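Just to be clear, the model below is a prediction. Sequence and coordinates:
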Protein chains: 2
Amino acid sequence: MRKVGIIGVGQSVFGVRGDVTLQELAWEAINEALNDAGLTRKDIEISVVGSVGTREYELLPAVPINEYSGLSEKGPLRVEAACATGSAALAVAYNMVASGFVDIALAVGIEKMNEVDSATSLAVGGRSGNYLWEYHFYGTTFPAYYALYATAHIAKYGTTEEQLALVRVKNQKYAARNPKAQFQFEVTVEDVLKSRPVAWPLKLYDCSAITDGAAAAVLASEDAVRKLKIDTPVWIEAIGYASDTANITRRENYVGLKATRLAAQMAYKKAGIEPKDVEVAEVHDCFTIAEIMAYEDLGFVEKGLGGKFIEEGQSDIGGKVAVNLSGGLLGKGHPLGATGLAMIYELTKQLREERGRDRQAPLKRYVGLAHNIGGTGHYGYVTILRR
Amino acid sequence: MRKVGIIGVGQSVFGVRGDVTLQELAWEAINEALNDAGLTRKDIEISVVGSVGTREYELLPAVPINEYSGLSEKGPLRVEAACATGSAALAVAYNMVASGFVDIALAVGIEKMNEVDSATSLAVGGRSGNYLWEYHFYGTTFPAYYALYATAHIAKYGTTEEQLALVRVKNQKYAARNPKAQFQFEVTVEDVLKSRPVAWPLKLYDCSAITDGAAAAVLASEDAVRKLKIDTPVWIEAIGYASDTANITRRENYVGLKATRLAAQMAYKKAGIEPKDVEVAEVHDCFTIAEIMAYEDLGFVEKGLGGKFIEEGQSDIGGKVAVNLSGGLLGKGHPLGATGLAMIYELTKQLREERGRDRQAPLKRYVGLAHNIGGTGHYGYVTILRR
C-alpha cells in the first residue's frame, strides 16, 4: 500500500444553515481544505462526496456540489454509510490514493438536515434502523435505540445519569471554545439532568441535534506530499471497518457496539499500536451513552468502567486520552455525512498542535483516533492518524 | 497498483421481481458469483453495495443485503452514481484490492424499482437531473432529456428514426436469447416505429424500462488469483471515470456525452489500447440514441456516423465491435444500481467464451469494454477488461 497523507482540511460552521445552499455549504469546507493544502481545485484528481442525502432536495448531491466547486469532471460517485458516511468517503478516497489510481483526492462530507420538515426527518431517522421489524412495527427512532443501550448499561454496570451528564458537560466545555460548533455554550450536570426527557434515561442534553454542515480533507500520496513540500502532513496509519446486523434483537448485547470493537481491532492491528498509545480521539457521541460505550469498546478502559472513566476525568485533557476536544457530535453538531470528516478535521488540527491553550491536547506520540458509527452500530469505522 | 482479476460473476433474473425481497434478489447474484469463483461468503473480506436506493423501502439497503447474505460484518458502505452506480461500486472494490486494503472483495449492484408507485418513480427519475432548473421549472424527465439529444443528432447528422429503431432490433435479437433478460422477444423496425410516442423522436421501444435486478462480481488480487488457482481470470485493465454538469443548458453540445469521451480517453490511456482493439462491448443504451452516441463517443466510429454504423451491422457480431450481446439496457432491463455490474457479468462470460453459438462474440485480442452512464452524462465510467 502506498502511504497516504492528509495535507489539507476544512470545515464549515455547523448549525442551522438556511443561509446557504447545499453547494455553498460544501464549498465552505472544500475551499478551506484547498487553501490549507496550498492547492487549487485544478490539482484535485478525484472528489469523493459522502452524503446520506435523504433530507436534501437534490437526490444526486455529488453532482451539484462538485459542479459548484469547479470539480464537475472529477466527482464520479457518492458514498453512504448512514452516520459513518464521512468516514466511508475518507476510506474510498484513501484507497484510491493508496492504490495509485490517483495521487491527490478530495473527500468531502455534507448534510443539510433542515431542508425537510421534522416529521420527515424523524421518519428518515427511524427508517435508518431496520424498516420492517423496528420502525414499521414499533416506531422506534434513534433516541429510543440508544435508550435501550443506556438502560442496559445502567442495569449491568451501575452507570449513573450523572455520569452520562458529565459527557455532555465535558463536550460543551470544548464546544464553547469552538467557533464552528453548533452549540457554543457550557452546561452543568444539573442543566443536563433537568433538561426534558426524550427517552429515559436520555434527556434533551443527552442527545445530539439536527445539524447542517460540511467537512473536507485533501489526501495525497507520499510522493505528492514530498513534491508539494507539505510541512506537517498527518498520515493515515490505518482504517478499520465493520458492519453489524440491522435487527437490534440479534445484537450480541446492549452494553456495547460490536462494530466499534471489530473496527478498532482491525485498525490497531494494521497500525501496530495499542489503545494506550492513542493520545487524542474524536469518538461518536451521538448520545452521551454512546461516548461511554466508545471508551470501553475502543479499549481505553475495561467494559463497564466507562462511567468511572469520565468521572475521573480520564477522557479529558490531562487524563489518559483527550476525547472530543471539538465538542463532539453533542456540542459541535452532527450533520450525518460530514461528521466523520469533521473528526479528521479536528484531529489534523490537534496533531499539528494548532489548537492553542484553550483546547490543545498534550502530545508525545502524536497518535490520534477517529471513531465513527453509522446507525446504532450498523456501520463502524476507526481511523488512526499519526503526525 | 496491484493487478485485479474478476474471479466470479453473478446476475439475478431481471424483470418485475415482486416474488423476492431486496435481500433475496441480491443473494441470487451474490450466490452465483460466489459459486462461480468457488468461494464461500467467509472468503469475502469486504462487500461494496451499489444502489441508488430511492425507490426501495429500506433507506440503508447495504445493511439488510449484507446481513441476509451472511456478510453482515463486512459491508461497510453503499455507493451511488445514479445509473452508473454499479460501475462506481466496481471502481471502489477494485481500488480496495489494488491498494492492498483487502485481497478479495465483492461488488454487488441492485435496484428494486417496482416497490414504489410509478408517480414516485417518475419524480425520482426527473429529480436525478437538476432539481431547480429542470425538474422543478420544466418537469423534464429522462425520455425528454434524451429526446433533446436525439433531435439534435437527427438535425446535425441526418440520423434517422429507422437507425434508432435498428438499435432496439439488434439488442432484442440477443435479449431473446438471454434467459435473464426482462424482454425475451425479438422486434422489427416496424414494431419500434409503430410503438406509441413517448417524447419524439423516441417511441416506447426506444426507451429502456423500469426493472428489478441485481448483479455481482468477486474481485481478487493477482496473488489471490494464483493461490486460488483460478483458471480463467478476467483482468481489469483500466477504469476511466468522469462527471459532468447537472445543468443541461451548460453542456458543450447535444450530440454526444462529454462524460463518455473523457472516461474513455482515461481508460484507453491507462490500458494502453485504442478503440479499435475492443472486440466486445456493453454500452449504456438507456435509449436507442444513447447507444448511437456511445459508438461515437467511445471512438468506435467518427462523430455523426453512429447511425450508419448500426445500419452497416458494424456493432453486431461480424462487425467491428460486438455491442450489447446481453440485450443491453433496452432488452435485458435497467435496474439502475445493477446495470454496471451486469455489464461486467456479460463481458466476463464473453471473454471466457462461455456464450455458445447463439451470442458469443468472436475474439482474438480478448479485450472487452463496459460503458456506463449516470443521469444524462452526469457520471461516466469506462472499464476495460482483458482475459
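On my side now, so go ahead. Numbers count the residues shown, from 1 in each chain, chains lettered A, B, ... in the order given.

tell me the contacts of A:V382?
Applying C-beta atoms under 8 Å, 6 or more residues apart in numbering or on different chains to A:V382 gives the contacts A:239-241, A:260, A:263-264, A:266-268, A:298, A:369-372. Placement of C-beta: from N, CA and C, glycine included.

taking the mean pLDDT, what do you get for the strand or helix carrying A:D191?
In this assignment (DSSP states H and E), A:D191 forms part of helix A:189-194. Computed over helix A:189-194, the mean pLDDT rounds to 98.

Extract the C-alpha trace of it and format it as PDB.
C-alpha atoms of helix A:189-194 as PDB (Å, rounded to 0.1, in the frame of the first residue of the first chain):
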ATOM      1  CA  VAL A 189     -24.600  18.400  35.300                       C
ATOM      2  CA  GLU A 190     -27.700  19.900  36.700                       C
ATOM      3  CA  ASP A 191     -28.600  21.500  33.400                       C
ATOM      4  CA  VAL A 192     -28.400  18.100  31.700                       C
ATOM      5  CA  LEU A 193     -30.400  16.300  34.400                       C
ATOM      6  CA  LYS A 194     -33.100  18.900  34.400                       C
END
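
Show me which positions of it end up buried.
Buried residues in helix A:189-194, counted by 16 or more other C-beta atoms under 10 Å in any protein chain shown: A:V189, A:D191, A:V192.

which one among the residues you listed gets closest to A:K308?
Closest to A:K308 out of the buried residues of helix A:189-194 is A:V189 (15.5 Å), distances taken as C-beta to C-beta.

Got the phi and psi for the closest residue to that closest one other than its chain neighbours?
Distance criterion C-beta to C-beta, 6 or more residues apart in numbering or on different chains; nearest residue to A:V189, sequence neighbours excluded, is A:A165 at 4.5 Å. Main-chain torsions, A:A165, degrees, to the nearest 10: phi -60, psi -40.

can you tell me which residues contact A:A165?
By C-beta under 8 Å, 6+ apart, the residues touching A:A165 are A:V189, A:V192, A:L193, A:Y205, A:D206, A:T288.

Could you double-check that the fourth one sits in contact with A:S195?
Yes: taking contact to mean C-beta atoms under 8 Å, the distance of 4.3 Å between A:Y205 and A:S195 places them in contact.

ok, those two, which is more surrounded?
A count of neighbours by other C-beta atoms under 10 Å in any protein chain shown puts A:Y205 above the other of A:Y205 and A:S195, at 23 against 17.

hey, which helix or strand in chain A has the poorest pLDDT?
Sorting the helices and strands of chain A by mean pLDDT, DSSP states H and E puts helix A:118-127 at the bottom, at a mean of 55.

and A:A26, what does it touch?
Applying C-beta under 8 Å, 6+ apart to A:A26 gives the contacts A:S12, A:V49, A:I65, A:Y68, A:S69, A:V108, A:I110, A:A214, A:A216.

What's the per-residue pLDDT of the residue nearest to A:V189 here?
pLDDT recorded at A:A165 is 98.

State the pair within the contacts of A:V382 that is farthest apart.
Based on C-beta to C-beta, the longest span within the contacts of A:V382 runs between A:Y268 and A:N372 and measures 15.9 Å.

and those two? which has more neighbours close in?
Using other C-beta under 10 Å as the criterion, A:Y268 and A:N372 rank with A:N372 on top: 31 against 22.

Report the backbone C-alpha coordinates of the helix or strand harbouring that one in PDB.
Element membership for A:N372 (DSSP H and E) is strand A:367-374. In PDB, the C-alpha atoms belonging to strand A:367-374 read as follows (Å, rounded to 0.1, in the frame of the first residue of the first chain):
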ATOM      1  CA  VAL A 367      -1.300   9.400  17.700                       C
ATOM      2  CA  GLY A 368      -5.000  10.300  17.100                       C
ATOM      3  CA  LEU A 369      -8.100   8.200  16.600                       C
ATOM      4  CA  ALA A 370     -11.400   8.900  14.900                       C
ATOM      5  CA  HIS A 371     -14.400   6.600  15.800                       C
ATOM      6  CA  ASN A 372     -17.500   7.000  13.600                       C
ATOM      7  CA  ILE A 373     -20.600   4.900  13.900                       C
ATOM      8  CA  GLY A 374     -23.500   4.500  11.400                       C
END
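
Just checking, which helix or strand succeeds that strand along the chain?
Next along the chain after strand A:367-374, taking DSSP H and E as the criterion, comes strand A:379-386.

List the neighbouring strands of that following strand plus their orientation.
strand A:234-243 (antiparallel), strand A:367-374 (antiparallel) (DSSP bridges).

Please tell me how far the last one is from the chain's geometric centre.
What it means is strand A:367-374. 7 Å (C-alpha atoms, centre = their mean, to the nearest Å).

Filter the contacts of A:A26 down to the ones in helices?
A:I65, A:Y68 (DSSP state H).

So which of the contacts of A:A26 is surrounded by the most neighbours?
Neighbour max across those (other C-beta under 10 Å) = A:A214, 37 neighbours.

Can you point out the buried residues in stretch A:215-230?
Within stretch A:215-230, the residues scored as buried using 16+ other C-beta under 10 Å are A:A215, A:A216, A:A217, A:V218, A:L219, A:A220, A:S221, A:A224, A:V225, A:L228, A:I230.

could you say which helix or strand contains the fifth one?
For A:L219, the enclosing helix or strand under DSSP H and E is strand A:212-221.

cool, and the last one?
When secondary structure is defined using DSSP H and E, no element contains A:I230, which sits outside every helix and strand.

Include pLDDT and distance to A:P76 when you put the contacts of A:A26 into a markdown table, please.
Compiled in a markdown table, these are given as follows (pLDDT from 0 to 100; distance: C-beta to C-beta, whole Å):
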| residue | pLDDT | distance to A:P76 |
| --- | --- | --- |
| A:S12 | 98 | 23 |
| A:V49 | 97 | 10 |
| A:I65 | 92 | 13 |
| A:Y68 | 92 | 16 |
| A:S69 | 95 | 14 |
| A:V108 | 98 | 13 |
| A:I110 | 97 | 17 |
| A:A214 | 98 | 19 |
| A:A216 | 98 | 17 |
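
May I see the contacts of A:A26 organised as TSV, with distance to B:A84 added?
Formatted as TSV, the contacts of A:A26 follow (distance: C-beta to C-beta, whole Å):
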residue	distance to B:A84
A:S12	28
A:V49	14
A:I65	17
A:Y68	20
A:S69	20
A:V108	19
A:I110	20
A:A214	24
A:A216	23
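
ok so, going back, quick one: which of the buried residues of helix A:189-194 is nearest chain B?
A:V192 (30.3 Å; C-beta to the nearest C-beta).

mind listing the strands in chain A by residue range?
A:4-11, A:46-50, A:77-80, A:104-112, A:197-199, A:202-203, A:212-221, A:234-243, A:280-282, A:322-323, A:367-374, A:379-386 (DSSP state E).

can you put those strands in TSV and add distance to A:K173?
Conversion of the strands of chain A to TSV gives the following (distance: least, C-beta to C-beta, whole Å):
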stretch	distance to A:K173
strand A:4-11	19
strand A:46-50	29
strand A:77-80	33
strand A:104-112	25
strand A:197-199	22
strand A:202-203	18
strand A:212-221	20
strand A:234-243	25
strand A:280-282	15
strand A:322-323	12
strand A:367-374	19
strand A:379-386	23
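
Out of those strands, which is closest to A:T21?
Nearest of the strands of chain A (C-beta to C-beta): strand A:104-112, 8.3 Å.

Pairing partners for that closest one, with directions?
Strand A:104-112 has these strand partners (DSSP bridges): strand A:46-50 (parallel), strand A:212-221 (antiparallel).

Make JSON lines from these and add distance to B:M293 to it.
Formatted as JSON lines, these follow (distance: least, C-beta to C-beta, whole Å):
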{"stretch": "strand A:46-50", "distance to B:M293": "25"}
{"stretch": "strand A:212-221", "distance to B:M293": "34"}
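
show me what contacts the nearest residue to A:E222 once chain neighbours are set aside?
Counting by C-beta to C-beta, 6+ apart, A:E222 lies nearest to A:K3, which is 4.2 Å off, once chain neighbours are set aside. Under the criterion of C-beta under 8 Å, 6+ apart, the contact list for A:K3 reads A:A98, A:S221, A:E222, A:W235.
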